[in-house]
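A.B. asks: take a look and give me a structure for this.
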Amino acid sequence: MKCLKTIGKQGEVIAWQYLAKRGYQIVTTNFQTRFGELDIICQKDQTLIFVEVKTRTSFMLGWPEEAVSPKKLGHLLKAMAEFQSRQAIERPVRFDVMAVVILPGQKAKVKHWINLTQDFEVNPE
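C.D. replies: Coordinates of the predicted model:
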């Protein structure tokens, strides 16, 4: 079994390539905050997009997107707010999730959930 960090990094590279092919501009990756890491920060048009990438090589632990629990989402939203504060960013933002499945002998599959922030507060206290 591959190291989890290696699998996660492989999934992030696949997600980055997927986004780049669709016209997203990568701002930074693996941005560290006190609330956790933001995997990919990119932009398209005038919107700043924070992307959480989840990768699986089997379904023993469920689908990748199922790993974004309400608790994890809370941490990510706080991390987004910290990034915005540090960078003094005042423009539309959104939160996306990308699920990457890498099964042996198959081409990686990507699911992209767009704008999950529409139902959540982006700048939680």
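A.B. asks: tell me where the protein has strands.
C.D. replies: Using DSSP state E, the strands of the chain run over 25-33, 36-44, 47-56, 93-101, 109-113.
A.B. asks: ok, E65 - contacts?
C.D. replies: Counting by CB atoms under 8 Å, 6 or more residues apart in numbering, E65 touches 54, 97, 99, 111, 113. In short, each C-beta sits where N, CA and C put it, glycine included.
A.B. asks: now K54
C.D. replies: Per CB under 8 Å, 6+ apart, neighbours of K54: 11, 64-65, 67-68, 97-100.
A.B. asks: next: I26.
C.D. replies: So I26 contacts 16, 19-20, 40-42 (CB under 8 Å, 6+ apart).
A.B. asks: and the residues you listed, which two are the farthest apart?
C.D. replies: Taking CB to CB as the measure, the contacts of I26 span a maximum distance of 13.5 Å, between A20 and I41.
A.B. asks: about what we covered before: distance to F83 added to the strands of the chain, as a markdown table?
C.D. replies: Formatted as a markdown table, the strands of the chain follow (distance: least, CB to CB, whole Å):
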| stretch | distance to F83 |
| --- | --- |
| strand 25-33 | 6 |
| strand 36-44 | 6 |
| strand 47-56 | 7 |
| strand 93-101 | 9 |
| strand 109-113 | 20 |
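A.B. asks: possible to save those as TSV with mean pLDDT and distance to T6?
C.D. replies: TSV is the format used below for the strands of the chain (pLDDT from 0 to 100; distance: least, CB to CB, whole Å):
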stretch	mean pLDDT	distance to T6
strand 25-33	95	14
strand 36-44	96	15
strand 47-56	95	10
strand 93-101	95	13
strand 109-113	94	18
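A.B. asks: tell me which of those strands lies nearest to M80.
C.D. replies: strand 47-56 (4.9 Å).
A.B. asks: now do the contacts for F83.
C.D. replies: 31, 33, 38, 41, 50, 89.
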